[in-house]
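> Could you look at this predicted model? Sequence included:
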Amino acid sequence: MPTITLPDGKAKSFDQPVTGLEVAQSIGSGLAKAALAIKVDGVTRDLSAVIDRDASVAIITAPKAGQAASKEALELIRHSAAHVMAEAIQDVIGRDVLLAYGPPTETGFFYDMFIPEGKKLSSDHFDAINARMAEIIKEDRRFTRYEQRGSEGLARLKSEANKYKVDNAERALGLASSVYRGSKPAFQGEAGGGARDPGSQSLSFYSTGVPGTNWEDLCRGPHVPSTGRIGAARVMSLASAYWHGDETSDRLIRVYGTAFPTQAELDEYLRQKEEAARRDHRVIGRALRLFHIDETVGQGLILWTPRGAVIRKELQSFIGAELKKQGYTEVFTPHIGGLDLYKTSGHFPYYKDSQFAPIVERNALDALAGCGCSCAEMLRRVEGVSARLAAGINERTGAPTIAPDRVIPDEQLIDGFMLRPMNCPHHAKIFASEPHSYRDLPVRLAEFGTVYRWEQSGELNGMTRVRGFTQDDAHLFCTEEQIPGEIQGCLSLVKAIFATLGMKDYRVRVGLRDKDSSKFTGSPESWDKAEAACIAAARSLGVTFSQEPGEAAFYGPKIDFVVKDVIGREWQLGTVQVDYQMGNRFDLSYTGPDNKPHRPVVIHRAPFGSMERFCGVLIEHFAGAFPAWLSPEQVRVLPISEKTIDYAREVASALRAADVRAGVDEGNDRIQAKVKVAADDKVPYMLIVGPRDAESRSVSVRVRGTERDLGAMPLEAFVAAIKAEITERRSELTVRP
RNA sequence: GCCGCUGUAGCUCAGUGGUAGAGCGCACCCUUGGUAAGGGUGAGGUCAUGGGUUCAAAUCCCAUCAGCGGCUCCA
């Protein structure tokens, strides 16, 4: 005779087992109507689930009109929508489409499926699928759960010849023959996923309607009570995915969709997606001529065009000024370094596969030739980026290409240089170039250092994922006692940057060591202290932060800044990392008060992360409409006709004399066209100058985003006002006549 | 790297086996116009690259390269 405890603490007793719906009804009919599912002792279950024991129960409800749905409600709706989409696809393509996994995601859901040989699923089918989904939702069929004994259920699935479902069921029953290779846990509440918790004796199925008559799927649940509760759903896109995320396994089609309680919310989501696409930094970057990628130069290599270079330069000056205040010193170092340097730092050969191939010295080639190495062998060694090639194995056939006794170990392979993948080895050498007393510490070496990494070609993306990029890097060589203070200094820098740029939506991730793992170097006591310092510093920021055990670098804990852009994607930008390893590897030391040598601890930090990625994110953040201080062209002077071109030039030179970036549109277009072009170029201020303005030595000021000019003001007053706005790096356009 | 889609003028794109197209941009001319495109003329292409099929290929096939969307990865 269960006693149900509700979230507000009230208890209700029932004489007999009750369903979730009955609990809701006993509270109120409105609640029962809005109910989607229940949470029993923290576990989400169907509304029809029977509660036969004392439990705490919460009702998950659809949102009231005008309110946003809870995360749980959205997940239920989307997971249920995954079933509806799968049914719709089977109706459109055929019942022989094999379903695999269909979990909800942050913005919707997907369903992985295998399309049989000879059939095709393409975006051409989307209209038909969407129409069918709408019908199923309109039919408002009940989600009906039923269970079968494990053996029966399994036999049934086997008879349906869907090996993916059989695998799901076997894993659910705890007799998984296939090993889930991915390290990620299985999705919660996935359609078609493990039907119950592993080890269970039975399997659960859901019919969208009447079992045996309507569509069914092996599923753990829970679901909304009926398809009508889904509201609005839509298939979005297709992608490929591998079974279990394993690329040697079957390739499946991943069909993405999304669902919302109401059509209005779905429409709003689609509108946001369009807005996000409109802000794509690759599109805006081309339109505003900010950067260029040329395939002859190379994939993933950014050419900063004059306008983009202005933005980067402004950001660098901004951070440079902050660094000066914090006592940093600037250094310059080359983009390459000897291979031995990276053997010392541990980058080579350990991270060889994500670096550009070494630049081989002529002498080294001669030496190889001198020891009887054939041309073919040398070529393989020189071009051998892959471990297999270097080991003398043909990549395709796997056959040996070089006699095993002729294979040279990695460490002796090549003498030459590497394009640097990180700046720290160079900075370590600068630190080591002279003796240091504890009195000198911390030594803070800063450099906008360009590094090169061999990102996989499929990963490259505009400015945000590239092969050559410039970090706003610095290394702080300090004593262990100085760590907390230095971390605080780094964080205040990052905070200042985000505040100035108006980036409010960010969170902090503190990567800690996994105490059970042996891959972390350094003493546990040092780690504890450094981790405590990172956590304290993160907490002091006053934004959400998470502690993530096991996510530390092997050499020390770290703090990452994750910024959310308008598309809802998260970007890891700034980072602060404590490093206990570098001192050892490079044998760094300082003389302590005891007159003995001590190891410095190194803090790596890069508030922007990389200039390329940061600018890419900024372009999307501002949709190309930068605040005045960052704008490549801050003012454009638009003469009404040729008659006022001279005055327009005069205005521009006055602005340039005051260090304001100003251009003149000297074209013979009419003023309407000039305004349009300047607006398209997102120039913050347009100064319209005609005979009236020339006469009174004033300018008619039109601010970006407004419909007309806001009136005339004296030229000198405008110069002074915009100068102040730029110098203070204001995020809004504030100059007004 | 893997899978799918795409590659035509500086940009955005049309062109499904038979003479290479449009809009924007660019150059020049007319227009001298007060707030989101005034009009005309013209230049500009080895249809990504390399093979193949065909009397004939931008178009069909194969390979390579690059871009896009995913997957996997990111010290």
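Happy to help now that I have it.

> Can you list the buried residues in whichever strand or helix holds A:G485?
Following DSSP states H and E, one finds A:G485 within helix A:483-501. Buried residues in helix A:483-501, counted by 16 or more other CB atoms under 10 Å: A:483-484, A:486-487, A:489-491, A:493-495, A:497-498, A:500-501. Any C-beta I mention is one placed from the backbone N, CA and C, and that applies to glycine too.

> ok, now stretch A:665-681?
A:665, A:674-675, A:678, A:681.

> Tabulate the CA atom coordinates of that stretch in PDB.
Coordinates of each C-alpha in stretch A:665-681 appear next as PDB, following Å, rounded to 0.1, in the frame of the first residue of the first chain:
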ATOM      1  CA  ASP A 665      33.400  56.300 -51.000                       C
ATOM      2  CA  GLU A 666      34.400  58.200 -54.000                       C
ATOM      3  CA  GLY A 667      32.300  56.200 -56.500                       C
ATOM      4  CA  ASN A 668      29.800  57.900 -58.700                       C
ATOM      5  CA  ASP A 669      26.900  56.000 -57.200                       C
ATOM      6  CA  ARG A 670      24.000  57.800 -55.700                       C
ATOM      7  CA  ILE A 671      24.000  58.200 -52.000                       C
ATOM      8  CA  GLN A 672      21.400  55.400 -51.600                       C
ATOM      9  CA  ALA A 673      23.800  53.000 -53.100                       C
ATOM     10  CA  LYS A 674      26.700  54.200 -51.000                       C
ATOM     11  CA  VAL A 675      24.700  53.800 -47.900                       C
ATOM     12  CA  LYS A 676      23.700  50.200 -48.900                       C
ATOM     13  CA  VAL A 677      27.300  49.200 -49.600                       C
ATOM     14  CA  ALA A 678      28.500  50.700 -46.300                       C
ATOM     15  CA  ALA A 679      25.700  49.000 -44.400                       C
ATOM     16  CA  ASP A 680      26.600  45.600 -46.100                       C
ATOM     17  CA  ASP A 681      30.200  46.200 -45.100                       C
END
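
> separation between A:E447 and RNA strand B?
17 Å (CB to the nearest atom of the strand, to the nearest Å).

> does A:Q672 sit in a helix, a strand or a coil?
Three-state call for A:Q672 (DSSP: H, G, I helix; E, B strand; the rest coil): helix.

> of all the residues in the stretch 351-500 of chain A, which ones are close to RNA strand B?
The interface of the stretch 351-500 of chain A toward RNA strand B, taken as CB under 7 Å from any atom of the strand, is made up of A:351, A:354-355, A:421-422, A:453, A:455-462, A:465.

> Using CSV, list the CA coordinates for stretch A:726-737.
Provided in CSV are the C-alpha atoms of stretch A:726-737 (Å, rounded to 0.1, in the frame of the first residue of the first chain):
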residue,chain,number,x,y,z
ILE,A,726,37.7,53.6,-29.5
THR,A,727,40.2,54.3,-26.8
GLU,A,728,37.9,53.0,-24.1
ARG,A,729,37.1,49.9,-26.3
ARG,A,730,33.3,50.4,-25.8
SER,A,731,31.2,47.5,-26.9
GLU,A,732,28.4,49.8,-28.1
LEU,A,733,28.3,52.5,-30.8
THR,A,734,27.9,55.6,-28.6
VAL,A,735,28.7,58.6,-30.8
ARG,A,736,25.6,60.8,-31.2
PRO,A,737,25.2,64.3,-32.7
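
> how about that stretch, does it reach RNA strand B?
No - between stretch A:726-737 and RNA strand B, judged by CB under 7 Å from any atom of the strand, nothing touches; the nearest distance is 10.3 Å.

> I'd like the average pLDDT over that stretch.
Here stretch A:726-737 scores 94 as its mean pLDDT.

> what does it rub up against?
Residues from elsewhere that reach stretch A:726-737 (CB atoms under 8 Å, 6 or more residues apart in numbering): A:318, A:500-502, A:627-629, A:634, A:659-660, A:684-685, A:700-701, A:703-705, A:710-713, A:718, A:721-722, A:725.

> Ok, stretch A:480-490 next?
Residues contacting stretch A:480-490 (CB under 8 Å, 6+ apart): A:326, A:441-442, A:476, A:478, A:526, A:529-530, A:533-534, A:536-537, A:540, A:559, A:576, A:578, A:601, A:603, A:605, A:607.

> so where do the helices sit in the stretch 1-150 of chain A?
In the stretch 1-150 of chain A, the helices defined using DSSP state H, counting those that start in this stretch lie at A:20-27, A:29-34, A:71-93, A:126-139, A:150-159.

> Figure out which of those helices is closest to RNA strand B.
Counting by CB to the nearest atom of the strand, RNA strand B lies closest to helix A:126-139 out of the helices of the stretch 1-150 of chain A; the figure is 13.6 Å.

> which strands and helices sit next to the closest one?
For helix A:126-139, the packing partners by 3 or more CB pairs under 8 Å, 6 or more residues apart in numbering; DSSP states H and E come out as helix A:71-93, strand A:232-242.

> coming back round to it: now the buried members of the contacts of stretch A:726-737.
For the contacts of stretch A:726-737, buried by 16+ other CB under 10 Å: A:318, A:500-501, A:627-629, A:634, A:660, A:684-685, A:700-701, A:703-704, A:712-713, A:718, A:721-722, A:725.
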